[in-house]
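How does the following fold in three dimensions:
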Amino acid sequence: VLAESHVVDGRRLEILPPRLTDLSATTKIFVGRLEPTVPMDNIRQHFAQFGDVQDVYMPMPHKGFCFVTYADNAAALRALGHGEAVGEDGMGGAQGGSR
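Here you go, the predicted structure:
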């Protein structure tokens, strides 16, 4: 999993190990190293390939990260375990979070 990556708008997002010891309940992932110019719709579209995205939270002003919340645990685990390029330029990260 750590060797795989996600790419949104050409920026490679590193997959980070989850902070939780038990991933069986998590529905939220942390996505880091985002460029400020990446539209939230691109993030939502990329991560929707793994399941039903309930929310994408990006703090403003943009700090280079966001949280993606899924409807279920299986989708969050698929996102953490998969890497696929989407978009045109660059790098970032996904890490399991708390419910």
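
CA only for contacts and neighbour counts going forward, please
Fine.

How is the closest residue in space to His62 that isn't next to it in sequence classified with respect to secondary structure?
Closest residue to His62 apart from its sequence neighbours, by Cα to Cα, 6 or more residues apart in numbering: Pro36 at 6.1 Å. Here Pro36 is recorded as coil under DSSP: H, G, I helix; E, B strand; the rest coil.

Show the contacting residues for Pro36.
Pro36 sits next to His62, Lys63, Gly64 when contact means Cα atoms under 8 Å, 6 or more residues apart in numbering.

quick check, nearest of these to Val7?
Nearest to Val7 among those: Gly64, at 14.2 Å, using Cα to Cα.

picking that back up, mind putting the contacts of Pro36 in CSV, neighbour count and distance to Ala71 included?
Below are those laid out as CSV (neighbours: other Cα atoms under 10 Å; distance: Cα to Cα, whole Å):
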residue, neighbour count, distance to Ala71
His62, 12, 25
Lys63, 13, 25
Gly64, 18, 24
